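Asker: The following block contains a protein sequence and its predicted model.
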2 protein chains.
Amino acid sequence: MTRVLVVDDSPQIVATLRLNLKARQYDVQVAADGGQALTQAADWHPDLVILDLGLPDLDGVDVIRGLRGWSEAPIIVLSGRTGSKDKVDALDAGADDYVTKPFGVDELLARIRAITRRAPADESPPTVQLGPYRIDLARKAVTGAAGTTVHLTPTEWGIIELLVRNPGKLISQRRLLTEVWGPLYLKETHYLRVYLASLRRKLEADPSRPRHLITEPGMGYRFEP
Amino acid sequence: MTRVLVVDDSPQIVATLRLNLKARQYDVQVAADGGQALTQAADWHPDLVILDLGLPDLDGVDVIRGLRGWSEAPIIVLSGRTGSKDKVDALDAGADDYVTKPFGVDELLARIRAITRRAPADESPPTVQLGPYRIDLARKAVTGAAGTTVHLTPTEWGIIELLVRNPGKLISQRRLLTEVWGPLYLKETHYLRVYLASLRRKLEADPSRPRHLITEPGMGYRFEP
DNA sequence: GAACGGCGCTAAGAAGCCGTCAAGACGACC
DNA sequence: GGTCGTCTTGACGGCTTCTTAGCGCCGTTC
């Protein structure tokens, strides 16, 4: 779960952001001024910081520099100031993006996705542990305990990727079918049964009693880390 | 020296960008439409792409997707469209930033610095061991056990370079074809079969049972050290 | 308790992909 | 113009993967 630190002194913006981020499964904390921001960032190690420049105590650029002194977490600046110099200063101080107020929530969320895509969540590399197996999505490789490797077919990768990218979250049959086979295959739910069986045979210690690739009858499937 | 590919059909914008980027020691190339952009990106391997969405031939989002099929170079979108949906679509397709026209050159340059700061120019190990052979990518030479040398053709080098630079990682057929032959050859997958056979004949102890140049059916190839 | 729907499991045929060999086309260089 | 190395094509057999069908199990519904 991606941790997002929101730094802003306007209750309204904080409320909007908190609501929207929580709805999308981000873990959110809030700091109301620059001093708090630095303390909380040090304590909590967020994966992303959303930073308003107009803070009551410190200058925003100093907060960026303070963070960059020891953290590489991406920083998205929110600011009412639209001047070129403000943007350049913030970006050169170490910010990754600069969004001017008023901003569209959809756009901000897309920018968050774009940035976290490139700088993956702290301590959560593109590899996931599933029982004794390590699933490396970037390399498309699964390695087992004693250096053994497990081979997955393209379709199996399509399924496992979708599930593993959304740990603990239910993925509907509809979504699996459209994203792996295409929207014309919505009826072919038995494909899922065949391939989930195959995946469990390869990845579960006891395929008949799956602990990680869970069926939610009538709904879909879920990856439980 | 950071290579920047500018994709835009407006001569004025191209001139401005080229001037400013060159003055700051960037290596610049220009493409005037989407097809050219894909070809040049495959040939030249830019470290960053600046992409205008309003191109004469292809839809901008399709260009992003085309690039993302095989390249991880950062993409900054330039666009006259300011709608939220346009931004979200481009960012979710794989763009890293979205700047609306008219734009400030200083701001764009700062955004370029911010993005290249995070994704540094790619580099690689100059020599790699493959069984009894030592592959020197810089000198384009393969030396065997007793001072013997193995000769590779240009196309074979193109393939082995891509594979060896990403040890253990699956390289899609799509990426091999676009980077070695160009984006127009996406369909010619049997080229890969012929050349992989040739490489295995030269580099594998038992070409019929390859241990380093591995096929992943339906997906691509992998170099196992 | 029988019928029904959703799921797990297996296995076999079909479809598509891969490795291999060999011949023709092309271009560089004498 | 001929030779050589390299790149493109084509054909074929073998293998992996996908698709499809059938059966058994379980819980729910009538």
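Answerer: It's in.

Asker: Between the two ends of stretch A:200-216, how far is it?
Answerer: In stretch A:200-216, first residue to last residue: 15 Å (C-alpha to C-alpha, to the nearest Å).

Asker: Check whether it comes near chain B.
Answerer: No: counting by C-beta under 8 Å from any C-beta of the partner chain, chain B is not contacted by stretch A:200-216; separation bottoms out at 15.0 Å. All C-beta atoms are positioned from the backbone trio N, CA, C, and that covers glycine.

Asker: is DNA strand C contacted by that stretch?
Answerer: Yes: applying C-beta under 7 Å from any atom of the strand, one finds that stretch A:200-216 is in contact with DNA strand C at A:200-201, A:207-208, A:215.

Asker: Reduced to three states, what does the nearest residue to residue A:126 once chain neighbours are set aside come out as?
Answerer: Residue nearest to residue A:126 in three dimensions, not counting chain neighbours: residue A:138, with 4.2 Å by C-beta to C-beta, 6 or more residues apart in numbering or on different chains. Classification of residue A:138 using DSSP: H, G, I helix; E, B strand; the rest coil returns coil.

Asker: how much space between residue A:138 and DNA strand D?
Answerer: Using C-beta to the nearest atom of the strand, to the nearest Å, one gets 19 Å for the distance from residue A:138 to DNA strand D.

Asker: near chain B, which residues of chain A?
Answerer: Where proximity means C-beta under 8 Å from any C-beta, the interface of chain A facing chain B comprises A:74, A:84-85, A:87-88, A:91-92, A:95-98, A:104, A:106-107, A:109-111, A:113-115, A:118-119, A:138-141, A:153-154, A:157.

Asker: And the contacts of the helix or strand of chain A with the lowest mean pLDDT?
Answerer: Comparing helices and strands within chain A by mean pLDDT, DSSP states H and E singles out strand A:127-130 as the least confident, with a mean of 86. For strand A:127-130, the external contacting residues (C-beta atoms under 8 Å, 6 or more residues apart in numbering or on different chains) are A:134-138, A:164, A:167, A:203, A:212, A:223, A:225.

Asker: From these, pick the one nearest residue B:80.
Answerer: When the contacts of strand A:127-130 are compared for distance to residue B:80 (C-beta to C-beta), residue A:138 comes out closest, at 34.8 Å.

Asker: Narrow the contacts of strand A:127-130 to those that are buried.
Answerer: For those, burial is judged from neighbour counts taken by 16 or more other C-beta atoms under 10 Å in any protein chain shown, and it is met by A:134-137, A:164, A:167, A:203, A:212, A:223.

Asker: Which of those fall within strands?
Answerer: The subset of the buried ones among the contacts of strand A:127-130 located in strands under the criterion DSSP state E comprises A:134-136, A:223.

Asker: now the strands for chain A?
Answerer: Counting by DSSP E, the strands of chain A are A:3-7, A:27-31, A:48-52, A:75-79, A:97-100, A:127-130, A:133-136, A:141-143, A:149-150, A:170-172, A:213-216, A:220-223.

Asker: The ones you listed: lowest mean pLDDT?
Answerer: When the strands of chain A are ranked by mean pLDDT, strand A:127-130 comes last with a mean of 86.

Asker: Would you check how far apart residue A:165 and residue A:42 are?
Answerer: 29 Å (C-beta to C-beta, to the nearest Å).

Asker: Kindly report the same for residue A:156.
Answerer: From residue A:156 across to residue A:42, the span is 42 Å (C-beta to C-beta).

Asker: in chain A, which segments are predicted with low confidence?
Answerer: Judged by pLDDT under 70, chain A has its weakly predicted residues at A:119-125.

Asker: Contact partners for the residue nearest to residue A:171 when sequence neighbours are not counted?
Answerer: Using C-beta to C-beta, 6+ apart and skipping the chain neighbours, the partner closest in space to residue A:171 is residue A:220 (5.1 Å). The neighbourhood of residue A:220, defined by C-beta under 8 Å, 6+ apart, consists of A:170-176.

Asker: what ranges do the helices span in chain A?
Answerer: In chain A, the helices defined using DSSP state H lie at A:11-23, A:34-44, A:60-68, A:84-93, A:105-118, A:154-164, A:173-176, A:189-203.

Asker: Now render the ones you listed as JSON lines, adding distance to residue B:62.
Answerer: Conversion of the helices of chain A to JSON lines gives the following (distance: least, C-beta to C-beta, whole Å):
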{"stretch": "helix A:11-23", "distance to residue B:62": "29"}
{"stretch": "helix A:34-44", "distance to residue B:62": "39"}
{"stretch": "helix A:60-68", "distance to residue B:62": "36"}
{"stretch": "helix A:84-93", "distance to residue B:62": "29"}
{"stretch": "helix A:105-118", "distance to residue B:62": "18"}
{"stretch": "helix A:154-164", "distance to residue B:62": "21"}
{"stretch": "helix A:173-176", "distance to residue B:62": "23"}
{"stretch": "helix A:189-203", "distance to residue B:62": "28"}
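
Asker: so what's the backbone phi/psi at residue A:138?
Answerer: In this entry, residue A:138 is assigned phi and psi values of phi -70, psi -40 (degrees, to the nearest 10).

Asker: meant to ask about residue A:55, not that
Answerer: The phi and psi torsions at residue A:55 (degrees, to the nearest 10) take the values phi -100, psi 150.

Asker: got a list of what it touches?
Answerer: Contacts of residue A:55 were listed using C-beta under 8 Å, 6+ apart, and they are A:7, A:9, A:33-34, A:37, A:63.

Asker: Which members of those residues are the farthest-apart pair?
Answerer: Pairwise over these, using C-beta to C-beta, the maximum falls at A:9 and A:63, 12.3 Å.

Asker: With neighbour numbers in mind, choose between those two.
Answerer: Relative neighbour count places residue A:63 above the other of residue A:9 and residue A:63, with 29 against 17, counting by other C-beta atoms under 10 Å in any protein chain shown.
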